[in-house]
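structure for the following, please:
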Amino acid sequence: MTGPAGESLAAAERLLSELPPAPAVWCSGLRKRYRRRTAVDGVSFTVGRGEVVGLLGPNGAGKTSVIKILLGLVRPDAGEVLLLGRPAGDPQSRARAGYLPELFRYQPWLTAAEVLRLHVRLSGTAVSAADQRECLAGVGLADRAGDRVGGFSKGMQQRLGLAVALVARPELVVLDEPTSALDPLGRADVRDLLLALKERGVAVLLNSHLIGEVERVCDRVVILDRGRVAASGTLAELLGRRELRLRLEGVRARAEARLAEAGAWTRARDGDPGEVFTVALAADPDPDPGAVPGLVADLVALGVRVHAVEPTRISLEERLLDILRTGSGEEHR
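Model prediction:
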């Protein structure tokens, strides 16, 4: 097409090519009821390209139901889902997504290599035999490729499930409890694998009860409770509260006033020597690195003897329990 219309079309195409890619996952207002029970109630969140998002919550919170809705395995009663910029029901979007379900079973008479080859055929993608061998090696099964799955331990089957999820080089990987049967070495391998996927720009949605693993690899966290999003945000946002524990001696009124400037503080008379003061520092995603040294210097100038200084941060497990017990995550929804 030539002329003004052709130039306008070309300009529009250039503009579209410059736009950032659609999120790997976009869902809004998801709802699902099973008879009298509401499993998913108004869930909305996104997973960006190259982002690792953790899906947390107690048993029965709706995590697996949300995952099945995202992958088109369960039809929602309400809400919308886009995977990689396409409707979740579009086969093209699901062809570019890898999935490891929480509960799975492979044919025990097949070898690991045959299981992988079968799932490559089912996916309709072209994956060379060399790439399939590389995928098995990547999950630690290179020397077990010819062994029948029936003789695998639960941990080895978990590794094979990861290989199935990753063999077609997906742009989005959804993992439902990927480390549940793995030993510490296996969990470390999965952690390294997730970080490698992130470096390649692959988006990951991770459902795990191992909060320490989530804290190590996830950029953001979505916390579900009774089918709803109780809180979501980056780890810095959710774990914003910092504390400073100081063992001090000789604290007088002026020193107490200086502690109050830093944050709300409490005193415990169990220091040896001195007393233990806990100061709740203000939540700040970009804290001043000189704030704590400045506080200590001021206390010393006021005649306080400083025996110990220990900065701490609330753990993700503590924050999760706080949100689930008190509903205090509303500000991050």
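
pop out the phi and psi values for the residue nearest to L210 when sequence neighbours are not counted.
Excluding the flanking residues, the one nearest L210 by Cβ to Cβ, 6 or more residues apart in numbering is T179, at 5.8 Å. In short, each C-beta sits where N, CA and C put it, glycine included. Backbone torsions of T179, given as degrees, to the nearest 10, read phi -110, psi 20.

shouldn't T179 be in contact with G161?
No - contact criterion Cβ atoms under 8 Å: T179 and G161 do not qualify, at 11.1 Å.

contacts only, for the residue nearest to L210.
158, 186-187, 190, 208, 210, 213 (Cβ atoms under 8 Å, 6 or more residues apart in numbering).

quick check: next helix or strand after the strand or helix carrying A297?
Per DSSP states H and E, A297 falls inside helix 291-301. Using DSSP H and E, the helix or strand that directly follows helix 291-301 along the chain is strand 305-313.

what's the angle from that next one to helix 291-301?
For strand 305-313 against helix 291-301, the angle by axes from the mean of the first three to the mean of the last three Cα atoms, to 10 degrees is 160 degrees.

tell me the strands beside strand 305-313, with direction?
Taking DSSP bridges as the criterion, strand 305-313 pairs within the sheet with strand 242-249 (antiparallel).

of all the residues in the strand it pairs with, which ones are buried?
For strand 242-249, the neighbour count (16 or more other Cβ atoms under 10 Å) marks 242-244, 246-248 as buried.

what's next to that strand, contact-wise?
255, 262-263, 271, 273-281, 283, 287, 292, 295-296, 299, 304-314.

could you identify the helix or strand that succeeds it?
helix 253-262.

name the helices or strands packed onto that following helix?
For helix 253-262, the elements it packs on are strand 275-281, helix 291-301, judged by 3 or more Cβ pairs under 8 Å, 6 or more residues apart in numbering; DSSP states H and E.

what's the longest one packed up against?
In terms of contact count using 3+ Cβ pairs under 8 Å, 6+ apart, helix 291-301 is assigned the packing partners strand 242-249, helix 253-262, strand 305-313.

number of nearby residues for the nearest residue to A165 once chain neighbours are set aside?
Of all residues not flanking A165 in the chain, G98 sits nearest, at 3.8 Å (Cβ to Cβ, 6+ apart). For G98, the tally of surrounding residues (other Cβ atoms under 10 Å) stands at 24.

do the same with the one 3 residues further on
Look at P101: counted by other Cβ under 10 Å, it has 17 neighbours.

cool, and D183?
11.

surely it and G155 touch.
Yes - between D183 and G155 there is a contact at 6.3 Å, judged by Cβ under 8 Å.

what bridges to S28?
S28 has these beta-bridge partners by DSSP bridges: E80.

how close does it sit to V81?
For S28, the distance to V81 equals 8 Å [Cβ to Cβ, to the nearest Å].

which one's more surrounded, the two?
V81 (20 against 14).

residue contacts, that one?
V81 makes contact with 25-27, 30, 69-70, 72, 87-88, according to Cβ under 8 Å, 6+ apart.

any of those residues buried? List them.
25-27, 30, 69-70, 72, 88.

same list (the residues you listed) but as CSV, adding secondary structure.
Putting the buried ones among the contacts of V81 into CSV (DSSP: H, G, I helix; E, B strand; the rest coil) gives the following:
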residue, secondary structure
V25, strand
W26, strand
C27, strand
L30, strand
I69, helix
L70, helix
G72, coil
A88, coil
